[in-house]
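> let me see the structure of the following:
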Amino acid sequence: MEDKASETKNKNMNIVIIGGTGLIGSKVVNILRQRGHEVVAASPSSGVNTLTGEGLAEALKGAQVVVDVANSPSFEDKPALDFFETSGRNLLSAEKSAGVKHHVALSVVGTDRLTGSGAGSLSGYFRAKMAQENLIKASGIPFTIVHATQFFEFVKSIAQSATGGSTIQLSSVLMQPMASDDVAAAVAEVALGQPVNGMIEIAGPDQIRQDELVRQYLSATGDARKVVTDDNAGYFGIAVNDQSLVPGDNPRLGPTHYEDWLKRSTA
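Predicted coordinates:
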C-alpha cells in the first residue's frame, strides 16, 4: 500500500501561491501546473492583496494548500515588520475560513541567528521574518516552513551592498547558497507532501566563503571591481560567524553547483 505522502502527490490538488508572479513564485507555479495541479498565482497584480485582504477569500476558495513566497517590498525595519505581520494575519485568517489543510512558507536559513544587530543592518528584516514564522506556528493550521540559504541570483546585490568605489569589502563568512530553480523545486515538493508542523532546511550542494563567492561572480561577469576581505564587514551589516548562514544537519540539497550556474547565467 502506498504511503500517505505519495497518495497526496498523486491526487490533483488545488494550490494557491501567494507571491505567484515573483522569482520563486512563478517557478513554483510552473512546476505544479506541469504536474497537473490546479494552481492560482496570487499577487496584487492579479487582484489578490494580502496587505489589504482584497481578493483573498475568493482566491482561497477550495484551496487545500497555500504556499506563501511573497516578500516585503521594503527591507527597512518597520515596513518589513508591518508587511509580514499584516499580510500574515490576513492570510492565515482567510485560510482558516477556507479550511486550508497545509500552509507552506519560504523563509531564510539562520533567520533566528540574524536578528541581533542594530541600526543600518538588515537584522530588522530577519526580525520581521521571525514574526511571520511565529504567526504561522500559532495559527493552528498545519504548516511547513522552508528555510532556504541565499540564492545565487542575489550575489550581485551582495556585491552592490558592499561596494565603495572600485572595491567591495566582504567578510569570508561561510555560506551554502543555492539556485532559485532548486529553491522552487524544493518548495513545490513540500507543497505536495504532508505538513511537518516544523521547519525544513534547503541549501546548495557546496559551501563557499562569501568573499570567494563574489570574486567568482566578478570574474565570470568580467567585472573589474576588487574584493577586499574584511571579517568585520559581517553580512548586510549583521555580525555573523561560520554557523550563521549555513544549514544544520541533514538539509535537503539542491543539485546545482555554483560554477555550473555561473557558466549558464553568463553564457
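
> flag the shaky bits of this structure, pLDDT-wise.
Within the chain, the ranges that satisfy pLDDT under 70 run 1-10, 117-120.

> biggest helix in it, by residue count?
helix 77-98 (DSSP state H).

> what does that helix rub up against?
Helix 77-98 has contacts (C-beta atoms under 8 Å, 6 or more residues apart in numbering) with 18, 50-53, 56-57, 60-63, 66, 68, 70, 72-74, 103, 124-125, 127-129, 131-132, 135-136, 139-141. C-betas here are computed from N, CA, C, even on glycine.

> mind giving me the PyMOL command for buried ones among those?
A single PyMOL command selects the buried members of the contacts of helix 77-98 (16 or more other C-beta atoms under 10 Å):
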select buried, resi 18+50+53+56+60+63+66+68+70+72+103+124+125+127+128+129+131+132+135+136+139+141
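
> so which of the contacts of helix 77-98 belong to strands?
Per DSSP state E, strands hold the following members of those: 18, 66, 68, 103.

> let me know the closest of these to residue 162.
Among these, residue 68 lies closest to residue 162 (C-beta to C-beta), at 29.7 Å.

> distance check, that closest one against residue 161.
Residue 68 sits at a distance of 25 Å from residue 161 (criterion: C-beta to C-beta, to the nearest Å).

> now swap in residue 236 and tell me
Distance of residue 236 to residue 161, computed by C-beta to C-beta: 6 Å.

> counting neighbours, what do you get for residue 229?
Applying other C-beta atoms under 10 Å, we find 15 residues neighbouring residue 229.

> wait, it sits on residue 210?
No: in this structure, residue 229 is not within contact of residue 210 by C-beta atoms under 8 Å, at 9.1 Å.

> who touches both of those two?
Common neighbours of residue 229 and residue 210, using C-beta under 8 Å, 6+ apart, are 170-172.

> how much space between residue 91 and residue 125?
According to C-beta to C-beta, residue 91 and residue 125 sit 19 Å apart.

> now do residue 231
Distance from residue 231 to residue 125, counting by C-beta to C-beta: 22 Å.

> go on, residue 12?
36 Å.

> next: residue 245.
Taking C-beta to C-beta as the measure, residue 245 and residue 125 are separated by 14 Å.

> same question for residue 161.
Relative to residue 125, residue 161 is positioned 13 Å away (C-beta to C-beta).

> picking that back up, neighbour count winner among residue 236 and residue 161?
A count of neighbours by other C-beta under 10 Å puts residue 236 above the other of residue 236 and residue 161, at 19 against 14.

> count of neighbours near the nearest residue to that one once chain neighbours are set aside?
Leaving aside its sequence neighbours, residue 236 sits nearest to residue 122 (C-beta to C-beta, 6 or more residues apart in numbering; 3.8 Å). For residue 122, the count of nearby residues is 20 (other C-beta under 10 Å).

> ok, now which ones touch residue 122?
Applying C-beta under 8 Å, 6+ apart, we find residue 122 in contact with 75, 114, 235-238.

> can you rerun that using 7 Å?
Residue 122 sits next to 75, 236-238 when contact means C-beta atoms under 7 Å, 6 or more residues apart in numbering.
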